[in-house]
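Q: 3D model of this:
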Amino acid sequence: MADSPGAVIRTPKSEATRTLIVETALRLFQENGYDKTTMRAIAREAGVSVGNAYYYFSSKEQLVQGFYDRITQLHEEACASVLATERDFAKRLRAVLLAWLEVAAPYHEFGRQFFVNAADPASPLSPFSNESSPARDAQITLFRRVLEGSTAKVDPELRPELPELLWLYEMGVVLFWVHDGSAGCRRTRMLVDRTVPLLDRVIGLSRLRLLRPVTREIVQLIGDLTRTEA
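A: Below you'll find the model as predicted:
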């Protein structure tokens, strides 16, 4: 039986092979469709044995998880500079979202084809699935950094929940991006540019006494949804 991806010893050579397999798979997914692409075809195109491909990824689903991990890593690297120098919350948030669009741009066509599988709530490819939790947690952590390194004034009860809410907001942007046929995804960029200031304003207003009951309702709702078993 092949080792699980988590058991692979990470060396520069193994990381290069892993990346090659993921990028080859994405190209074939775009050319032939996700359902029609086999692990054997991916191994052949990548120039590795089928056994070697299964050593890194036990299934096509795990290959997509590898893609999630790769995008997350590239996204974090693309955000490093702005998070180290910018303190304004809205500017930090806008930069992080636009950085994701830049990193994901080469995979836009794949995103369109892949959405049919990822949209199924029962699929391990769903960004909400247990299998996707490493990439999801990494993105939520990134939004926690966006918040904690900023000068944003947030209701203390809302603050712990805000990174996950920001991730859900990002998922909405990603969904819009998947269906965006405008040149260079111009409409998605406009969506980010127009909604980030609104979100920044709403977050700032969360501290007002008049809106605190609404904030409490949001926090309570998140808690109830988190605790509710499927």
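Q: next, Pro127: secondary structure please.
A: coil (DSSP: H, G, I helix; E, B strand; the rest coil).
Q: buried residues in stretch 195-212, which are they?
A: 195-196, 199-200, 203, 206 (16 or more other CB atoms under 10 Å). Backbone N, C-alpha and C define where each C-beta goes, glycine included.
Q: tell me the one of those nearest Gln73?
A: Val196 (23.7 Å; CB to CB).
Q: hmm, back to that, let me have the buried residues of stretch 195-212 in JSON lines, extended by distance to Val48.
A: Formatted as JSON lines, those follow (distance: CB to CB, whole Å):
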{"residue": "Thr195", "distance to Val48": "43"}
{"residue": "Val196", "distance to Val48": "42"}
{"residue": "Leu199", "distance to Val48": "44"}
{"residue": "Asp200", "distance to Val48": "47"}
{"residue": "Ile203", "distance to Val48": "47"}
{"residue": "Ser206", "distance to Val48": "51"}
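Q: in strands, which of these appear?
A: Using DSSP state E, no member of the buried residues of stretch 195-212 sits in strands.
Q: of all the residues you listed, which comes closest to Thr188?
A: Nearest member of the buried residues of stretch 195-212 to Thr188, counting by CB to CB, is Thr195, at 10.6 Å.
Q: let me know the pLDDT of that closest one.
A: At Thr195, the model reports a pLDDT of 94.
Q: what is the least confident helix or strand in the protein?
A: One helix or strand of the chain scores below all others by mean pLDDT, DSSP states H and E: helix 212-227, with a mean of 65.
Q: count of residues packed around Val103?
A: Neighbours of Val103 under the rule other CB atoms under 10 Å: 19.
Q: okay, it and Ala78: tell me how far apart.
A: According to CB to CB, to the nearest Å, Val103 and Ala78 sit 6 Å apart.
Q: scan the protein for its longest helix.
A: If you go by DSSP state H, the chain has its longest helix at helix 60-85.
Q: helices or strands up against that one?
A: Here helix 60-85 touches helix 12-32, helix 39-46, helix 89-104, helix 133-148, going by 3 or more CB pairs under 8 Å, 6 or more residues apart in numbering; DSSP states H and E.
Q: ok, then the element right after the shortest one?
A: Past helix 39-46, further along toward the C-terminus, the next helix or strand under DSSP states H and E is helix 50-56.
Q: which parts of that following helix are buried?
A: 53-56.
Q: pLDDT and distance to Phe143 added to those, as TSV?
A: Shown next, in TSV, are these (pLDDT from 0 to 100; distance: CB to CB, whole Å):
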residue	pLDDT	distance to Phe143
Ala53	92	33
Tyr54	92	34
Tyr55	91	34
Tyr56	91	29
